[in-house]
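Colleague: I would like to see how this sequence folds:
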Amino acid sequence: MAVVGFEKVHVGIFDEDEKIKKLMTWKDEHGGTVNLNISGLAPEKVEMRASNKTVWSKKQGTGEVQSELDLFNVPDKDLDAVLGRDMDDNGTSWVGEDSRAPYVALIGESADLLSGEPVYCALTKGTMSLESIEWKTTAKEEEEPEPQQLTGDWIARTIDGNSRIYGYHVGKKGADELFKSVFPGYEDVKDDDSDNSNEDSNDNEATETP
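Modeller: Numbering: from 1, shown residues only. Reported below is the predicted structural model:
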């Protein structure tokens, strides 16, 4: 299936009981989605050779699933939460030896090229990191801003008794169930654009879903 566009991404942060305690929607000028690349979906093949030939082989599961997510202007407090940065009373965000990024889940939204139906891609459990920060002088000519890139490392999570690392869903039918599976314990989700009314963050107690 060919998809077109990348409208928004939902990111949920797990608590110690593997329930979602914070759900954010990044889109438009507050974390607008530029690009999502997911790699490591295919498993490595394991072979057994005997008598000068391959007598057994196996491919199961996935490889090391990783993601690169390019975003525009993610709110600072959202980055603090996802990256595990601590903010002191002075408003400074810190990273040190004790810093630890929390486990998160993610759902990105695109659309089918031909039908226009929504397409969802989910990653069920992992951590995200900001690999680098780059500042540079202004150019003579106006340039478009550079996106921020968050890298992710993903593992499996048990959903309905089965091991799940990533999921792919097409269409509005069943999308609510997908969100509830990927973001467990966060039932107060609805179709609402109010999350973008907050200048500092897109996190909202009623995060928009299909």
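Colleague: from here on, contacts and neighbour counts on C-alpha atoms
Modeller: Will do.
Colleague: tell me the contacts of residue 5?
Modeller: 110-111 (CA atoms under 8 Å, 6 or more residues apart in numbering).
Colleague: go again using 10 Å as the cut-off
Modeller: Contacts of residue 5 were listed using CA atoms under 10 Å, 6 or more residues apart in numbering, and they are 33-35, 109-113.
Colleague: next one: it from residue 33, what distance?
Modeller: Look at residue 5 and residue 33: by CA to CA, to the nearest Å, they are 9 Å apart.
Colleague: got the CA positions of the worst-scoring helix or strand of the chain on mean pLDDT in CSV?
Modeller: Using mean pLDDT, DSSP states H and E, strand 53-58 stands out as the lowest-scoring helix or strand of the chain, at a mean of 86. What follows is strand 53-58 as a C-alpha-only set of coordinates in CSV (Å, rounded to 0.1, in the frame of the first residue of the first chain):
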residue,chain,number,x,y,z
LYS,A,53,24.6,-27.8,2.6
THR,A,54,22.0,-25.8,4.5
VAL,A,55,19.7,-28.4,6.2
TRP,A,56,17.7,-26.0,8.4
SER,A,57,16.9,-22.3,8.5
LYS,A,58,14.6,-20.1,10.5
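Colleague: relative to residue 80, how far out is residue 88?
Modeller: Between residue 88 and residue 80 the computed distance is 11 Å (CA to CA).
Colleague: ok, residue 46 next?
Modeller: From residue 46 to residue 80 the distance is 40 Å (CA to CA).
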